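Colleague: kindly generate the corresponding structure for this input.
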Amino acid sequence: MNRLNPLGATLFLMFMAFSLGASAQKKLFTFGVEKSFDESIVNPKAKGKPIQWIDVNTSDTTWIPKGKVLVNKGNPIGVIRSEKMYENFIVHVEWRHLEKGGNSGVFVWSDAVPGKNDLPMGMEVQMLELDWVNQNTRDGVTPPIAYVHGELFGAGGMTASPDNPRGERSKSVENRCLGVGEWNKYTVVCIDGTVKLAINGKFVNSIRLASKRKGYVCLEAEGALMEFRNFQLIELEPGVKRPEFVVDAL
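Modeller: Predicted structure coming up:
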């Protein structure tokens, strides 16, 4: 039988790896909108551009768009990502858990590469349901409630400097999340390696000096039924004077 020469074999393996990677990341649906900073300030009623979401390592049955709501069934554990990468931007999203102790989150500046791990490299913005701490005691000790409320941390090898340290993670300074079945609002400001988080209208957490400062935005499935709605992303274009007052006011 014919055999490939070493160069041919190498090219064949590269092609197969590319093909497998491409097949693992397919377009799913549009959800939420992207706006420029000027649009969001000057013309807040502007419709914006729909955001295309791409499967990284979940399933096309994990996510069900229902009108303005995106249902997240939670399994298999993994993420979907935005079609494009972002550097400096603001995300507003509403979310609610439909199971007690549910787990989910949003990743920013993620590489979103399928691999051995379920979750990719990126800065995670934690979304846990209130009862999670009661369901995950260790040696009789209940985790701090601040772990639930928008903890910020580098995942998959990303590093950062927490403003409210809990080890390498940054915890919220105030309990503001609502429980199962109730909608929560997150505003996530991502500028020059700094992430600041507002929960239900008040800034309560921040982390700085992220080792990765450009990447995809991801939505996470982590074993629990929950929903997202009203996803808006305001991109801050390079070269344009950045709204430093947004960060200074936090």
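
Colleague: right, and the helix or strand after the worst-scoring helix or strand of the chain on mean pLDDT?
Modeller: Ranking every helix and strand in the chain by mean pLDDT, DSSP states H and E puts helix 6-24 at the bottom, with a mean of 47. Counting by DSSP states H and E, the next helix or strand C-terminal to helix 6-24 is strand 27-36.

Colleague: counting by contacts, list what that next one packs against.
Modeller: If you count contacts as 3 or more Cβ pairs under 8 Å, 6 or more residues apart in numbering; DSSP states H and E, strand 27-36 packs onto strand 49-55, strand 63-66, strand 226-235. Every C-beta, even on glycine, is put in place using the N, C-alpha and C of the backbone.

Colleague: include mean neighbour count when you put those strands into JSON lines, please.
Modeller: Listed next are those as JSON lines, based on neighbours: other Cβ atoms under 10 Å:
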{"stretch": "strand 49-55", "mean neighbour count": "18"}
{"stretch": "strand 63-66", "mean neighbour count": "14"}
{"stretch": "strand 226-235", "mean neighbour count": "20"}
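
Colleague: do you know which of those strands lies nearest Glu87?
Modeller: Glu87 lies closest to strand 226-235 among those, at 8.4 Å (Cβ to Cβ).

Colleague: so what does that closest one touch, helix or strand wise?
Modeller: Counting contacts by 3+ Cβ pairs under 8 Å, 6+ apart, strand 226-235 is packed against strand 27-36, helix 37-42, strand 69-72, strand 89-97.

Colleague: that strand vs strand 49-55, what angle?
Modeller: 130 degrees (axes from the mean of the first three to the mean of the last three Cα atoms, to 10 degrees).

Colleague: which residues touch strand 226-235?
Modeller: Contacts to strand 226-235, defined as Cβ atoms under 8 Å, 6 or more residues apart in numbering, come from residues 31-37, 39-40, 48, 51, 68-72, 74, 82, 86, 88-99, 102, 104, 127, 129, 183, 217, 219.
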